[in-house]
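Student: sequence first, predicted model second:
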Amino acid sequence: MSDSQKQNLERGLGFKGLLSLALSDITPMASLLVTAGAVLVLSGTAGVWAFSLGCLIAITVAMSMAELGSMYPTAGGLFYIVNKVLGRPIGFLAMIDYVLQGIFIPATLALGIGTYLHSLNSSIPVNSSSAIGMAIITILAVLRIHMSAIIVTVCLVIEGVVLALIIGVGMFHLNQPISIIMHPVMLTDGKLGPVAGAAIVAAIASSLFSVNGYDSAINFSEEVKGNARSIGRAVMYSAIVGVVLELTAFTFGLFGTRDLGAYLSTATPFTDSVTSALGKGAGQAVLVGALFAIVNATLAITLQFARVLWASGRDKAWPGPINEFLGKVHPKFRSPWVATLVIGAVATIFCLKSSLISTVTFTAVLIIILYALIAISALVSRIKNKDAERPFKMMFWPIPPIITIVGVGLTLTQQKTGDLKIILIIALVSLAYYFLYLNRSKHTRWVPHNPALMD
């Protein structure tokens, strides 16, 4: 086997395995239990509107991703697409954004492990138990991709059963009137009060984070057997299923609660509603199911972003020794093992030092910025490359990317100033690095890789 072959990933995934991984990256239940709670904190009962708008934008983003991902099926995923369509400097910024997501998203979900373990036993500390969980998940993520696909599929089945229970409890125990969304309220200083329109717009970013993950089908494309159209199909199918499940559960969970004030103030609202309706035993069972879901999500997302970080090294985005280090592929498992360990180690540290809400809001801003770049790419690609082959073609072009751009543009105006300033500083430093180092040798530095077309 040649050196170049040794550094290639193994095509061991069929379409069903790819779809399971993509759904597990969205992980409807874990996202609902971990990140959707932030939507309730930010916008109260108006979270139904924020979540609905976020889901609409998510579907339009998925349409753009499905088309572009089928054209450029590479482990670099979204950053390769932006690079190819919008050019090297913007593509590099997209890569930095994506790598940062790879640091924060696994940590955000892993913090959910500690949150729900603490709900099972209040003596268990949130941060340290989350860090231990993240470390174990990192080791699992080094295994062969088809082994990981089997693990996440089993967890996905358990997740589906528990999610159905949450939806059923809300559906058959409607305790709140329609007025809670017609005249929404939120907790302010411990008391229920009206919700400002700006709060709804601000919460859209967190709702987008909650249903995020369908892009992972593109990141796993170098490990998929089949044609490029299957990448686009996996993106769309996983997005639709994830959006429907999460929006349904979010809405019925809210309407099913008996004590609205307690529901909006707890860190575990959806499992608490099951406990209230069916008793402590059912609530404990749902908490265990929640842990399976969150472990599943964290594993799938660590797998995804390990491929992104590996692709950045393979594509020579860093100084030589770092590229060689990150680009290593395990000789037995054919997985990007060094990149996986790096993602896991950094996420473990963040678990020890961060809070759930702070990681959700910052990461949500990273996500919507990349969404905007993908939507712009979807418009530009059709104009610049009219004759390019598109194995999966979006419907209703150019409406979906326009909706995305307008939606994320409005959402960005309501994000935390501190988060936006940090991201601006990161962008400026990244551009300085690009022009002072990478751009001085275009043929040997930052050369995004497009693998051979799928069979």
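Tutor: Thanks, I have it.

Student: after the lowest-mean-pLDDT helix or strand in the chain comes which helix or strand?
Tutor: The helix or strand of the chain with the poorest confidence is helix 3-6; it has a mean of 42 (mean pLDDT, DSSP states H and E). Past helix 3-6, heading to the C-terminal end, the next element that is a helix or strand (DSSP states H and E) is helix 15-26.

Student: against S179, how distant is V201?
Tutor: Between V201 and S179 the distance, using Cβ to Cβ, to the nearest Å, works out to 22 Å. In short, each C-beta sits where N, CA and C put it, glycine included.

Student: the more surrounded of these two?
Tutor: Neighbours were counted for V201 and for S179 using other Cβ atoms under 10 Å; V201 has more, 21 against 10.

Student: tell me which residues of the helix or strand containing that one are tucked away?
Tutor: For V201, the host element (DSSP H and E) is helix 197-211. By neighbour count, and taking 16 or more other Cβ atoms under 10 Å as the criterion, the buried residues in helix 197-211 are 199-211.

Student: quick one: average confidence on it?
Tutor: Across helix 197-211, the average pLDDT comes to 82.

Student: mind giving me the packing neighbours of that helix?
Tutor: Packed against helix 197-211, as judged by 3 or more Cβ pairs under 8 Å, 6 or more residues apart in numbering; DSSP states H and E, are the following elements: helix 28-34, helix 36-43, helix 47-71, helix 229-256, helix 356-384, helix 399-412.

Student: now it, how far from the chain's geometric center?
Tutor: In terms of Cα atoms, centre = their mean, to the nearest Å, the gap separating the centre of helix 197-211 from the centre of its chain is 14 Å.

Student: same question for the next helix or strand after it, mean pLDDT?
Tutor: Sequence-wise, the next helix or strand downstream of helix 197-211 (DSSP H and E) is helix 216-219. Over the span of helix 216-219, the pLDDT mean works out to 82.

Student: can you check stretch 434-453 too?
Tutor: pLDDT averaged over stretch 434-453 gives 79.

Student: give the buried residues for it.
Tutor: Neighbour-count burial for stretch 434-453 [16+ other Cβ under 10 Å]: 434, 438, 445-446, 448, 451.

Student: how about these in a markdown table, adding distance to R307 and secondary structure?
Tutor: Rendered in a markdown table, the data for these read as follows (distance: Cβ to Cβ, whole Å; DSSP: H, G, I helix; E, B strand; the rest coil):
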| residue | distance to R307 | secondary structure |
| --- | --- | --- |
| Y434 | 22 | helix |
| L438 | 21 | helix |
| R445 | 21 | coil |
| W446 | 18 | coil |
| P448 | 14 | coil |
| P451 | 12 | coil |
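
Student: same list (the residues you listed) but as a markdown table, adding distance to A262.
Tutor: Listed next are those as a markdown table, based on distance: Cβ to Cβ, whole Å:
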| residue | distance to A262 |
| --- | --- |
| Y434 | 50 |
| L438 | 52 |
| R445 | 55 |
| W446 | 52 |
| P448 | 50 |
| P451 | 52 |
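
Student: and which of those is nearest to L303?
Tutor: Proximity of those to L303 (Cβ to Cβ) peaks at P451, which lies at 17.9 Å.

Student: starting at the chain centroid, how far to the longest helix along the chain?
Tutor: Using DSSP state H, we find that the single longest helix of the chain is helix 280-314. Here helix 280-314 is found 10 Å from its chain centre; the criterion is Cα atoms, centre = their mean.

Student: also stretch 235-245?
Tutor: Stretch 235-245 has its average C-alpha position 13 Å from the chain's average C-alpha position, going by Cα atoms, centre = their mean.

Student: just stretch 168-177 next, same as before
Tutor: Counting by Cα atoms, centre = their mean, stretch 168-177 is centred 29 Å from the centre of its parent chain.

Student: then stretch 262-279?
Tutor: 25 Å.

Student: what of stretch 440-451?
Tutor: On the basis of Cα atoms, centre = their mean, stretch 440-451 is displaced by 27 Å from the centre of the chain it belongs to.

Student: wait, doesn't V346 sit right on I103?
Tutor: Yes: at 5.1 Å, V346 and I103 qualify as touching, with contact defined as Cβ atoms under 8 Å.

Student: who's more crowded, the two?
Tutor: Set V346 next to I103 and count neighbours by other Cβ under 10 Å: I103 wins out with 20 against 17.

Student: sec struct for that one, please.
Tutor: helix (DSSP: H, G, I helix; E, B strand; the rest coil).

Student: how much space between it and I426?
Tutor: Counting by Cβ to Cβ, the gap from I103 to I426 is 12 Å.

Student: so what's the residue nearest to V185 when sequence neighbours are not counted bridging to?
Tutor: Residue nearest to V185 in three dimensions, not counting chain neighbours: L192, with 4.5 Å by Cβ to Cβ, 6 or more residues apart in numbering. According to DSSP bridges, L187 are recorded as the beta-bridge partners of L192.

Student: what's next to stretch 102-110, contact-wise?
Tutor: Under the contact criterion Cβ atoms under 8 Å, 6 or more residues apart in numbering, stretch 102-110 has outside partners 27, 30, 34-35, 130-131, 133-134, 137, 212, 294, 297-298, 301-302, 304-306, 308-309, 343-344, 346-348, 350-351, 354, 356, 359-360, 362-363, 366.
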